[in-house]
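Visitor: Sequence first, then the predicted structure, then my questions.
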Amino acid sequence: MNSTKKFHQFSRDEWQRFYRNGIPPLTENELQEIKSLNDRISLQDVQDIYMPLTHLIHIYMKEYESLQLSKGLFMQSYPGVTPFVIGIAGSVAVGKSTTARLLQMMLSRIFKRRNVQLITTDGFLYPNKVLEEKGIMNRKGFPESYDMERLITFLEQVKNRKENIETPVYSHDIYDIIPNKTETINEPDILIVEGINVLQVPTSEQVYISDFFDFSVYVDAEPELIEKWYLNRFGKLLDSAFLDPDNFYYSYAIGDREEAFNMARNVWRDVNLKNLEEFILPTRNNANVILHKTEGHQIDQVSLNKY
Ligand SMILES: Nc1ncnc2c1ncn2[C@@H]1O[C@H](COP(=O)(O)OP(=O)(O)OP(=O)(O)O)[C@@H](O)[C@H]1O
Ligand SMILES: CC(C)(CO)[C@@H](O)C(=O)NCCC(=O)O
């Protein structure tokens, strides 16, 4: 085990040994379900990395619930447990949504009676029209491009167990918030919130978005690799845009492919890499756990915060 000031660092071999036999191995059906999330997910990662990680989350949840119960005894009234909120942070295209969906599936399986819901902060981006009015269309993903007040209100509502909270939905295909479409979050026991900004510092002086997270994971990798994954995903977006004139990427899909990739490389360098270096990476140390990925999305190191 290595150690930094704030983290215990474990190699993959060390981390996988932390799995205790309390949780039964995944069944064939569950493995197939995971494969259908993303057919390139390594099942070895699921076993070696995510099983111990869900075990650790279970420990945090038990502590959280026990503290809430003790506070209830202290107040001589027990309002009930508030939802346990997990944040998943990291660069654009590092694999946050894939990690988040995998965790949702695994937690639903372990905590069969708990309702585990998932949301991405992409839905809290201002619509393109507003970004254009503010003159920040080329700053999509930067802190000022999100309606943070709305995100904070949403998290407050979740913690206060408000029913049927409607949230906007973002689409990579139209590169904008989808007009007249909402997603509903309804009294989750566990809510996973995935987004580049979940560990960021506050915009309002009184409330920090990080105050709402009871456990957080930062998905980490070298920027050169993330660029590769970004371009890879861009290629897939082009392939599916080809037959759909309404798709944001349609004109790139029917045009010169090399030119399209040059444009994407520029967007990576001028927008997403810049955002990573200025606003996302500095939040890495705020996470409880850092999953470090190498070639092929393989996780080679896991760090756990000391305090
Ligand atoms: N564990 C994994 N194994 C194989 N491929 C993966 C894995 N995780 C992510 N990918 C691939 O990497 C690319 C980026 O993943 P994903 O869309 O999950 O990233 P993201 O961090 O949620 O991005 P964004 O912030 O832009 O929404 C996708 O093409 C996805 O298929
Ligand atoms: C929606 C975000 C900000 C985060 O998921 C990102 O995927 C994005 O679109 N960034 C803007 C630059 C780009 O087009 O990649």
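Guide: Nice, thanks for sending it over. Numbers count the residues shown, from 1 in each chain. Ligands and ions are numbered 1, 2, ... in the order given.
Visitor: Report the mean per-residue pLDDT for the host helix or strand of residue 87.
Guide: Element membership for residue 87, per DSSP states H and E: strand 84-90. Strand 84-90 carries an average pLDDT of 98.
Visitor: what about it, near ligand 2?
Guide: No: judged by Cβ under 6 Å from any ligand atom, strand 84-90 makes no contact with ligand 2; its nearest approach is 10.4 Å. The C-beta positions use only the backbone N, C-alpha and C, and glycine is treated the same way.
Visitor: Convert that strand to PDB, retaining C-alpha atoms only.
Guide: The C-alpha trace of strand 84-90 is given here as PDB (Å, rounded to 0.1, in the frame of the first residue of the first chain):
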ATOM      1  CA  PHE A  84     -28.100   8.500   0.600                       C
ATOM      2  CA  VAL A  85     -26.600  10.500  -2.200                       C
ATOM      3  CA  ILE A  86     -23.500   9.200  -4.200                       C
ATOM      4  CA  GLY A  87     -21.600  11.500  -6.500                       C
ATOM      5  CA  ILE A  88     -19.600  10.300  -9.500                       C
ATOM      6  CA  ALA A  89     -17.100  12.900 -10.800                       C
ATOM      7  CA  GLY A  90     -14.400  13.100 -13.500                       C
END
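Visitor: Just checking, which helix or strand succeeds that strand along the chain?
Guide: helix 96-110.
Visitor: Does that next one reach ligand 2?
Guide: No: judged by Cβ under 6 Å from any ligand atom, helix 96-110 stays clear of ligand 2, getting no closer than 8.1 Å.
Visitor: That helix packs against which elements?
Guide: Counting contacts by 3 or more Cβ pairs under 8 Å, 6 or more residues apart in numbering; DSSP states H and E, helix 96-110 is packed against helix 28-37, helix 51-75, strand 84-90, strand 116-120, strand 190-194, strand 215-220.
Visitor: Within the sheet, what are the partner strands of the strand holding residue 87, with directions?
Guide: Here strand 84-90 is paired, per DSSP bridges, with strand 190-194 (parallel), strand 215-220 (parallel).
Visitor: Those strands into TSV, with extra columns for mean pLDDT?
Guide: Converted to TSV, those look like this (pLDDT from 0 to 100):
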stretch	mean pLDDT
strand 190-194	98
strand 215-220	98
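Visitor: any chance of those in JSON lines, plus mean neighbour count and distance to residue 78?
Guide: Output for those, formatted as JSON lines (neighbours: other Cβ atoms under 10 Å; distance: least, Cβ to Cβ, whole Å):
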{"stretch": "strand 190-194", "mean neighbour count": "24", "distance to residue 78": "20"}
{"stretch": "strand 215-220", "mean neighbour count": "24", "distance to residue 78": "22"}
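Visitor: about what we covered before: who wins for proximity to residue 8 among the helices and strands packed on helix 96-110?
Guide: helix 51-75 (11.9 Å; Cβ to Cβ).
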